[in-house]
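Novice: Starting from these lines, generate the structure:
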Amino acid sequence: MSKVENIEEVLRCAQSLFSKRGYDSIALREIADAAHLSLGTVSFYFKAKEDIFQTLVQRAVRTIGKERLGLLAHFPPNSFTPLEHILFAIIWPVLRRLEDPDPIERSIPRLIRWALTGPARVEESLRKEFDATAADLIRTLQIACPQLTRARAIWAYSFTISMLYSRQVFDDRYAALMEDQTADKSLQERAMLLIKFASAGFLGLQSDGES
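Specialist: Sure, this is the predicted structure:
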């Protein structure tokens with residue numbers, strides 16, 4: 001294979017491994033073995049395991065961010081967009097990938113979740129990538145909720161993102177406690193539940209008129 005093909009194979013194999021077991025439990029040699037390359041070859045392309053992880057996280061977050069903004073592209077910039085539409089644009093690009101037929105696409109949400117607790121340099125890079133689209137989304141949220149201060153919009157947005165990457169959303173963490181009432185819900189039904197829950201938070205934070 002060519003150099004480009006080798007690098008893509010390393011990234012593909014690494015993404016599969018990282019998304020399943022996180023950053024700390026994966027060794028560079030394991031990535032090399034999965035890609036059927038020597039450790040020296042992989043080290044030639046990437047100085048360290050952290051570089052591979054950072055490359056994957058940056059690419060994943062950019063993909064999610066681009067899709068989020070794309071879902072809102074049919075609304076004119078700086079115009080009113082219904083709150084539910086904004087929240088759908090935030091939630092759906094992550095949620096839909098949990099059952100994507102492509103294993104690489106399916107691994108993206110879990111890769112990002114692991115990155116939230118990854119190395120400091122990766123976490124910093126992750127935040128920069130998130131911030132690239134977060135400012136646009138928060139501004140749109142403020143237009144949808146005119147009584148919401150920027151500080152509270154940021155607060156509500158950050159908790160929406162945290163909720164989206166929770167174990168309940170990914171794994172039905174509490175289904176057993178609720179006699180499996182949520183286990184069979186489709187992704188669309190889960191999205192609607194998340195949108196309703198998040199909407200209540202945004203609207204509730206603007207209701208008391210605090211400046």
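
Novice: for this protein, which helix is longest?
Specialist: Determined from DSSP state H, the single longest helix within the chain is helix 120-144.

Novice: Could you give the average pLDDT over that one?
Specialist: Computed over helix 120-144, the mean pLDDT rounds to 87.

Novice: could you check the angle helix 120-144 makes with the helix or strand just after it?
Specialist: Downstream of helix 120-144, the next assigned helix or strand under DSSP states H and E is helix 150-164. Angle, helix 150-164 to helix 120-144, by axes from the mean of the first three to the mean of the last three CA atoms, to 10 degrees: 120 degrees.

Novice: Can you list the residue ranges for helices in this protein?
Specialist: Applying DSSP H to the chain gives helices spanning 3-21, 28-34, 39-45, 49-71, 83-95, 103-115, 120-144, 150-164, 167-171, 187-207.

Novice: that older thread, centre of the chain versus the longest helix of the chain, how much separation?
Specialist: 11 Å (CA atoms, centre = their mean, to the nearest Å).

Novice: looking at the helices of the chain, which one has the lowest mean pLDDT?
Specialist: Across the helices of the chain, the lowest-scoring stretch is helix 167-171, with a mean of 82.

Novice: Can you name the residues in contact with it?
Specialist: Residues outside helix 167-171 that contact it (CB atoms under 8 Å, 6 or more residues apart in numbering) are 95, 98, 109-110, 113, 163, 173-174, 182, 190, 194. (C-beta placed from N, C-alpha, C; glycine too.)

Novice: can you redo the helices of the chain as JSON lines with distance to residue 77 and mean neighbour count?
Specialist: Putting the helices of the chain into JSON lines (distance: least, CB to CB, whole Å; neighbours: other CB atoms under 10 Å) gives the following:
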{"stretch": "helix 3-21", "distance to residue 77": "33", "mean neighbour count": "17"}
{"stretch": "helix 28-34", "distance to residue 77": "41", "mean neighbour count": "17"}
{"stretch": "helix 39-45", "distance to residue 77": "39", "mean neighbour count": "15"}
{"stretch": "helix 49-71", "distance to residue 77": "10", "mean neighbour count": "19"}
{"stretch": "helix 83-95", "distance to residue 77": "13", "mean neighbour count": "21"}
{"stretch": "helix 103-115", "distance to residue 77": "26", "mean neighbour count": "20"}
{"stretch": "helix 120-144", "distance to residue 77": "9", "mean neighbour count": "17"}
{"stretch": "helix 150-164", "distance to residue 77": "17", "mean neighbour count": "17"}
{"stretch": "helix 167-171", "distance to residue 77": "30", "mean neighbour count": "14"}
{"stretch": "helix 187-207", "distance to residue 77": "20", "mean neighbour count": "16"}
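
Novice: Just name whatever secondary elements the longest helix of the chain is in contact with.
Specialist: helix 49-71, helix 83-95, helix 103-115, helix 150-164 (3 or more CB pairs under 8 Å, 6 or more residues apart in numbering; DSSP states H and E).

Novice: Can you lay out those as JSON lines showing distance to residue 31?
Specialist: Formatted as JSON lines, the helices and strands packed on helix 120-144 follow (distance: least, CB to CB, whole Å):
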{"stretch": "helix 49-71", "distance to residue 31": "7"}
{"stretch": "helix 83-95", "distance to residue 31": "25"}
{"stretch": "helix 103-115", "distance to residue 31": "14"}
{"stretch": "helix 150-164", "distance to residue 31": "28"}
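
Novice: Much appreciated, bye for now.
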